[in-house]
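*Asks:* just to be clear, the model below is a prediction. Sequence and coordinates:
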Protein chains: 2
Amino acid sequence: MPLPDDAQIISVDDHVVEHPRVWLDRVPSKFGDAIPRLERMDDGSDWWIYEGKKAGNFALNAVAGKPREELGLDPRTYDDMRPGCHDINERLKDMDIEGVWAQVAFPNMPGFSGRVFEESTDMELAEACTRAYNDWILDEWCASAPGRQIPMVILPYWDIDASVKELYRTAEKGARSYSFLELPHMRGLPSYHTDHWDPLLAATEEANMAVSVHFGSTGASDMIPPEGGHGGGVNINRITVMGLNSAFAMAQMLTSRMFHKFPRLRFALSEGGIGWMPYLLERIDYVWDRHRWYNDINREIPPSELFKDHIFGCFIYDDAGIEARHRIGVDQIMFESDYPHSDSNWPHTRKMLAASLADVPDEEARKIVELNARRVYNWPRSSGS
Amino acid sequence: MPLPDDAQIISVDDHVVEHPRVWLDRVPSKFGDAIPRLERMDDGSDWWIYEGKKAGNFALNAVAGKPREELGLDPRTYDDMRPGCHDINERLKDMDIEGVWAQVAFPNMPGFSGRVFEESTDMELAEACTRAYNDWILDEWCASAPGRQIPMVILPYWDIDASVKELYRTAEKGARSYSFLELPHMRGLPSYHTDHWDPLLAATEEANMAVSVHFGSTGASDMIPPEGGHGGGVNINRITVMGLNSAFAMAQMLTSRMFHKFPRLRFALSEGGIGWMPYLLERIDYVWDRHRWYNDINREIPPSELFKDHIFGCFIYDDAGIEARHRIGVDQIMFESDYPHSDSNWPHTRKMLAASLADVPDEEARKIVELNARRVYNWPRSSGS
């Protein structure tokens, strides 16, 4: 079956590259040269400079439309990318080309969930930068594209009170989600097994927001060897296993008390893939069944039951997962394009997605490409339009 | 279809508990009190004592036949386990009860692959203990059960020359496999991406041995939070995700040059499960296709091609993997019972396996339960009998 023409594809994981003045225009000038800015190096590459230090280049993160033979880890320039990376009007044109109606966009300079700001020396500046990003993504980027940009923000997650405050401030302005850490303990913060995050999770329910946890948001695992790490000879190893971070996050969430305490939470495992989910769901129930008696865990509700309505898999291309979709649940699966990252299939997004779903009945395909995302992100067809 | 009566089930992952005199009888007496021995503590529990320090109890690792409500992490005694854990004649009876014909047994006291000896103060003693284990498992345990115990040894892997020597010494005595580290870099050793292991891998091919890498053999990942770690409230989290270690190991192997250099190597991912394999195989080709041009990797042969004949999935109970078996390849899948660990279904092993394979054609079922293991472990029906 071809994908129905009237299905509006919603991609739940894409990326912006912030334009050079996002922070210069919004962070109080008292912070001076510490404010994030784009600078051209002697080698001709453009880098984000924050608190006087290099804070990232684009490299593989703004390559939509490039031939694969040209991909690499060398730093690049702002001009050497499609304008759709940073210009909302150009972005909408690129979405039209790939056949995507609406999307959720993650930040670039701050890292997926604001890690760069967490590492600041001046935490007052860090919070100001977080707010500035949110004001830009809400007031400029999303506001310029009614219905087509699902507003997602970042939080000063290193400060739980400030996070709750920023969550409510941005919810008021229309935010539907925030980008969060997949494995907080890997940033030295308490894990989902603790009650540390309860105030934030309670606010999340109250504001009816979805939580988007992007793979790699808390860094790479120690299970990737130095030789296969970023910049090493075998970057393929590192990129291949990133989805397993999401599997670790899911196991942690499902063995915590999180969804028992906050039954309306919705977590999207952005870019995590779905093909491993049938294994993990079967495995976690098997282990729970044997070991629940001596563990501090709910002994009545199997973890796979908690999965439903709470955790959502996001795929770009995952035929194994599509084939096994009934083991996951067709209500738990969402699509993503990942524009303009190297994993994206732009401009062939809709064509490749339709091919992946060729054997999927229309009713299920509609859920996967559109309706689940509208429900999870609280984004009905009339949103923002 | 029921499992054909004449199919001899081969389990590629079970465990021994060494009897108290394994090392006392075999390690030169000059090492005195440092030699591994079993001692009863004041609380009545039995512990292995090595170099004067506690080196492990059995806890969850010798629980075949126990009701689930009685499982726990408390240390236990040698008498509180089925004699089949440490007595080969009793083991054969327990195998008859569960319907398993032959098996591959991993060590208990040394850790899956000899990690406890690696951590020794006296490395001469460490090597002597490794040899003593091998002599015991070959000359006493396996020799007492012709055809029914596939001999697997451990190596002094911290010393590559000594490992090659011990490999040849034990191959001469009939060893068909050695238990090895799934992710050597997590023990501070070079990864599979280096050429460090080449002499050992060359000897492995030469001696026609299989390599068995048990999940957890190199420890837990940093992606498991302290609160969910061993002994914490949520041991279920830790046990659930162990199979993902095998996924990391597989990605590393398939992005290394290992199988290009040594095309006859066979690695069994013991207890790793199989349900995640379709995802990883699809994902690794997807990433390879995009990123091969700037990576130090073979650009002609997709990683999924290298998987064939080289990496073998081992499952206890994995309906998702069985259903997706053609994505993995029915030649790449082996069964395991995991007796006497908590994951085992003893005494219902054959019954549950038959139920899992109810929809699998006989020809495929025979490969999965018997023929693949006979090929990988070089163990034809006439072996040892």
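*Replies:* All right, it came through fine.
*Asks:* immediately after whichever strand or helix holds residue A:93, which helix or strand?
*Replies:* Using DSSP states H and E, residue A:93 maps to helix A:88-98. Beyond helix A:88-98 on the C-terminal side, the first helix or strand identified by DSSP H and E is strand A:102-106.
*Asks:* mind listing what that following strand pairs with, with the direction of each?
*Replies:* Strands flanking strand A:102-106 in the sheet, each with its direction: strand A:10-15 (parallel), strand A:149-150 (parallel) (DSSP bridges).
*Asks:* okay, now the residue nearest to residue A:325 when sequence neighbours are not counted: neighbour count?
*Replies:* Sequence neighbours aside, residue A:333 is the residue nearest to residue A:325 in space, at 6.2 Å (criterion: CB to CB, 6 or more residues apart in numbering or on different chains). Bear in mind the C-beta positions are built from the backbone N, C-alpha and C, glycine included. When neighbours are counted by other CB atoms under 10 Å in any protein chain shown, residue A:333 registers 23.
*Asks:* any idea how far residue A:333 is from chain B?
*Replies:* If you measure residue A:333 against chain B using CB to the nearest CB, to the nearest Å, the figure is 13 Å.
*Asks:* that residue and residue A:371 touch, don't they?
*Replies:* No - between residue A:333 and residue A:371 there is no contact, the gap being 10.8 Å when judged by CB atoms under 8 Å.
*Asks:* what's next to the one helix or strand residue A:353 maps to, contact-wise?
*Replies:* Residue A:353 is located in helix A:349-356, with elements delineated by DSSP H and E. Where contact means CB atoms under 8 Å, 6 or more residues apart in numbering or on different chains, the residues beyond helix A:349-356 that reach it are A:2-3, A:9, A:11, A:98-100, A:317-319, A:322, A:335, A:337, A:339, A:345, A:369.
*Asks:* if we use 10 Å, what do you get?
*Replies:* Residues lying outside helix A:349-356 but in contact with it, judged by CB atoms under 10 Å, 6 or more residues apart in numbering or on different chains, are A:1-4, A:7, A:9, A:11, A:94-95, A:97-101, A:315-319, A:321-323, A:335-339, A:345-346, A:348, A:360, A:365, A:368-369.
*Asks:* separate out the buried members of those.
*Replies:* By neighbour count, with 16 or more other CB atoms under 10 Å in any protein chain shown, the contacts of helix A:349-356 hold A:3, A:7, A:9, A:11, A:94-95, A:97-101, A:315-319, A:321-323, A:335-339, A:345-346, A:360, A:365, A:368-369 as buried.
*Asks:* average model confidence for stretch A:373-383?
*Replies:* The predicted model assigns stretch A:373-383 a mean pLDDT of 94.
*Asks:* could you tell me the end-to-end distance of it?
*Replies:* With CA to CA, to the nearest Å applied, stretch A:373-383 spans 13 Å between its terminal residues.
*Asks:* wait, what's in contact with the residue in the stretch 1-150 of chain A positioned nearest to chain B?
*Replies:* Scanning the stretch 1-150 of chain A for proximity to chain B using CB to the nearest CB identifies residue A:72 as nearest, at 4.2 Å. Contacts of residue A:72 were listed using CB under 10 Å, 6+ apart, and they are A:59-60, A:63, A:66, A:235, A:342, B:291, B:293-295.
*Asks:* just the pLDDT for it.
*Replies:* Looking at residue A:72, its pLDDT reads 83.
*Asks:* just residue A:80 next, same as before
*Replies:* According to the model's per-residue confidence, residue A:80 sits at a pLDDT of 87.
*Asks:* now the helices for the stretch 151-300 of chain A?
*Replies:* Residue ranges of the helices in the stretch 151-300 of chain A, as given by DSSP state H, counting those that start in this stretch, are A:160-172, A:198-206, A:235-240, A:242-255, A:258-261, A:277-291.
*Asks:* so for whichever helix or strand comes after the last one, mean pLDDT?
*Replies:* As assigned by DSSP H and E, the chain's next helix or strand after helix A:277-291 is helix A:303-307. Over the span of helix A:303-307, the pLDDT mean works out to 97.
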